[in-house]
Structures are given as structure tokens and as C-alpha cells.
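1. Sequence first, predicted model second:
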Amino acid sequence: MKKGRIVFGFLVALMMVAALMACASTPEQSSTGEYIDDTVITTKVKTELANDNLLKSFQISVETRKGVVQLSGFVDSQYAVDQAGRIARGVEGVKSVENGLVAK
């Protein structure tokens, strides 16, 4: 009976460690916390872009991975490309910006 409880306790502990490791980040995959942080950053960047009079009429895609924001889409001028990059860099939590916007 005592041996069975020890084995059961060990199995429970092993499952908990495995569950925690599943939430850890790897170079290819974000952790749960990083994913949530990236979602918040993406939302903040999209909100700031929508609030900008120059950029609100454009379809700008925003994706974030591990704090790196990627912008893509088409805008009317190089100034709009630069403005979107400045706005994205100004959002808290952004580590860098990959500005893939194209001026038509």
C-alpha cells in the first residue's frame, strides 16, 4: 500500500512536470505567456494604427511573435510606411518591427 502511494505520487509529479514543460517556449514555439503578450501587443498596435488619421483607411496586417511586430500590406506613400513603423515601435512591449509595408 505504501509503495503504491509512492508510485502514484511520483506519477502525479511527473505529469505536472510534463505539463509545465509543454508551456515552455522553444525557438520554434512561443510559451503561453508569450502568446498572450504578443496578442496584447498586436491589439495595441492595431488600435494605434486605426487611431492615426493617415493610416486608418488602409488594410495593414499586424502579427507579433516574441515581441517582434511584422507589418504587411499596401499604403499610398513612403511617409505612411514610415509612420506605421514609428507607431508600432512606440507600443510598449515591442522589441523590434519588421516593416513589410509597400508604398503603391
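-> Looks like it arrived, so ask away.

2. helix, strand or coil for the most centrally placed residue in the chain?
-> Centroid-nearest residue in the chain: D38, 2.3 Å away (criterion: Cα atoms, centre = their mean). For D38, the assignment made with DSSP: H, G, I helix; E, B strand; the rest coil gives helix.

3. Please, which helix or strand holds the nearest residue to it once chain neighbours are set aside?
-> Closest residue to D38 apart from its sequence neighbours, by Cβ to Cβ, 6 or more residues apart in numbering: T64 at 4.1 Å. (Each C-beta comes from the backbone N, C-alpha and C, glycine too.) Counting by DSSP states H and E, the element that carries T64 is strand 60-65.

4. thinking again about what came up before, state the distance from the residue nearest to the centre of the chain to S31.
-> D38 sits 10 Å away from S31, going by Cβ to Cβ, to the nearest Å.

5. Just list the residues touching the residue nearest to V75 when sequence neighbours are not counted, thanks.
-> Once flanking residues are discounted, V75 sits nearest to F58: 5.0 Å by Cβ to Cβ, 6+ apart. By Cβ atoms under 8 Å, 6 or more residues apart in numbering, the residues touching F58 are G73, F74, V75, D76, A80.

6. again, 7 Å this time
-> F58 makes contacts with G73, V75, A80, as judged by Cβ atoms under 7 Å, 6 or more residues apart in numbering.

7. you'd agree it is in a helix?
-> No. According to three-state DSSP, F58 belongs to no helix; its state is coil.
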